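Chemist: let me see the structure of the following:
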Amino acid sequence: MEAAARVRAVREGAVAGRLRLAAEFYQGRHAAYGRAELSFLRWTIARGVLNPPDADPPGSPWWRAVNEHLLRDKTEAVLLDGTPSSNPRVVLWQRFLHRPSPAAWYRAHNASVVAGYLENLPLALAELPAERFMMNVALVRVLYTHAMVARPKLALGPLARLGPLLGDPRKGTVGFFLDLRRGFPERYPLVGLSAESLVHAAGGLPRLLDYGVINQRSAELYHFSAASLDEPRVADLHQDGLPSYAWPADRLSIWPNGESPTRILRLAARATRP
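Modeler: Next up, the predicted model:
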C-alpha cells in the first residue's frame, strides 16, 4: 500500500519528514484546518517523543505509533482521490476533503487518534505513569473540542453558542484547549516526575479546564465520542467518572475532584455546567 510505504519512508529518518508528510495533506481550501494538528505535532517533535529509536535520546514507541496511524489514514485518503475505501477512518477523511467543516475534521482526526490509542495499548503500558497521565489529558481535550463544535450544549452548557467559535480547528482559540505546554514539561522521558506532581504543578487555567469544566461532563463526553466515531470501545477508556486509558483502577483517585483553586475559577466552572 502506497500510504504505508510513505509512512515507512519517514519512520526512521529525521522528524521533519513526519511534519512534512502531515502538512502535505492540508493544501488549498483545507490549509487552515491543519493549524491545531500541526501545532501539536511541532510540540511533540520538540519534546523528542517522535525521535527515531537510534536517536539520543530515543523517542517514544507509543507516540510514534499513534502519529503514524494518523499519517497513514490521511495519506491514504489523499491517494485514493475519491475512490471508496474499506477503512472507515479513511472514509471520514475523504468526507472531510470533499466537504470540509470543523465537525468533519474532528470526526476524521479523532477516529484516527482513537484507533491509535486502542491499537497501541501495550506500548502505552510500558510508558512512565506521568506520560500515561499526559496521554489521558491529550485525549480528553481533543474529544472535548470535538464536542464544542458538534455538541456545544454538552461541552459548554449555557455558553453553548461559544463552542463552534472556540473549538474551530482553524482558529487560534483552539490552542487554549489543545496546547499542553501550559501544563506539561517539554521533555521526554519524564524521569523523576510523578503523575501527582503534574497535577499539583498545573496552573489555574489548565486546572479549570480539565477538572472544573471537562471532568464534570466526562462520562457523557466519552459516550458522545463513542457514538460519533462509531467506536464503542471509546467508552471503555473512562471508568468511575474518570479518564482511564492505560491507567490502573486503583489509581483513578489521582484525578482532582474538580474544585477550582479560586472563587472566580469556581464561578467559571459553574457557568459551563451541563
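Chemist: phi, psi of Pro243?
Modeler: phi -60, psi 140 (degrees, to the nearest 10).
Chemist: please disregard the earlier target; I meant Leu242.
Modeler: Main-chain dihedrals, Leu242, degrees, to the nearest 10: phi -140, psi 150.
Chemist: which is the next helix or strand following the lengthiest helix in the chain?
Modeler: In the chain, taking DSSP state H as the definition, the longest helix is helix 129-150. Downstream of helix 129-150, the first helix or strand assigned by DSSP states H and E is helix 152-156.
Chemist: alpha carbons of that next one, as CSV, please.
Modeler: Output of helix 152-156 as CSV, limited to C-alpha atoms (Å, rounded to 0.1, in the frame of the first residue of the first chain):
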residue,chain,number,x,y,z
PRO,A,152,-21.8,22.6,22.2
LYS,A,153,-24.5,22.2,24.9
LEU,A,154,-22.7,19.2,26.2
ALA,A,155,-19.4,21.0,26.1
LEU,A,156,-20.4,24.4,27.5
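Chemist: which residues touch that helix?
Modeler: 144, 147-148, 160-164, 166-167, 217, 220-221, 224, 272, 274 (CB atoms under 8 Å, 6 or more residues apart in numbering). C-betas here are computed from N, CA, C, even on glycine.
Chemist: repeat for stretch 179-188
Modeler: When contacts are defined by CB under 8 Å, 6+ apart, stretch 179-188 is touched by residues 39-40, 43, 46-49, 57, 59-60, 131, 134, 137-138, 141, 193, 198, 201-203, 205-206, 210.
Chemist: Arg89: which of the contacts of helix 152-156 is nearest?
Modeler: Each of the contacts of helix 152-156 was checked against Arg89 using CB to CB; the closest is Phe224, at 18.0 Å.
Chemist: so which elements touch the helix or strand harbouring the closest one?
Modeler: Using DSSP H and E, Phe224 maps to helix 218-228. Identification of packing neighbours for helix 218-228 by 3 or more CB pairs under 8 Å, 6 or more residues apart in numbering; DSSP states H and E yields helix 102-119, helix 129-150, helix 152-156, strand 238-239.
Chemist: the longest helix of the chain - contacts with which helices or strands?
Modeler: So helix 129-150, by 3+ CB pairs under 8 Å, 6+ apart, packs with helix 102-119, helix 121-125, helix 152-156, helix 163-166, helix 175-178, helix 195-201, helix 218-228, strand 242-243.
Chemist: please, which helix or strand holds the residue nearest to Ser60 when sequence neighbours are not counted?
Modeler: In this structure, Ser60 finds its nearest non-sequential neighbour in Val49, 4.1 Å apart by CB to CB, 6 or more residues apart in numbering. Assigned by DSSP H and E, Val49 falls within no helix or strand.
Chemist: next, give phi and psi for Val49.
Modeler: phi -70, psi -20.
Chemist: mind listing what it touches?
Modeler: Val49 makes contact with Gly59, Ser60, Trp63, Arg64, Tyr188, according to CB under 8 Å, 6+ apart.
Chemist: restricted to strands, list those.
Modeler: Using DSSP state E, the subset of the contacts of Val49 located in strands is empty.
Chemist: quick one: which of those residues is nearest to Arg233?
Modeler: Using CB to CB, Trp63 comes nearest to Arg233 of the contacts of Val49, at 20.3 Å.
Chemist: tell me the confidence at the closest residue to that closest one other than its chain neighbours?
Modeler: Distances taken as CB to CB, 6+ apart place Val49 nearest to Trp63, at 3.8 Å, with adjacent residues excluded. Note on Val49: pLDDT of 97.
Chemist: Phe184 too?
Modeler: On the pLDDT scale, Phe184 gets 88.
Chemist: so it belongs to a helix, correct?
Modeler: No - going by DSSP: H, G, I helix; E, B strand; the rest coil, the assignment for Phe184 is coil, not a helix.
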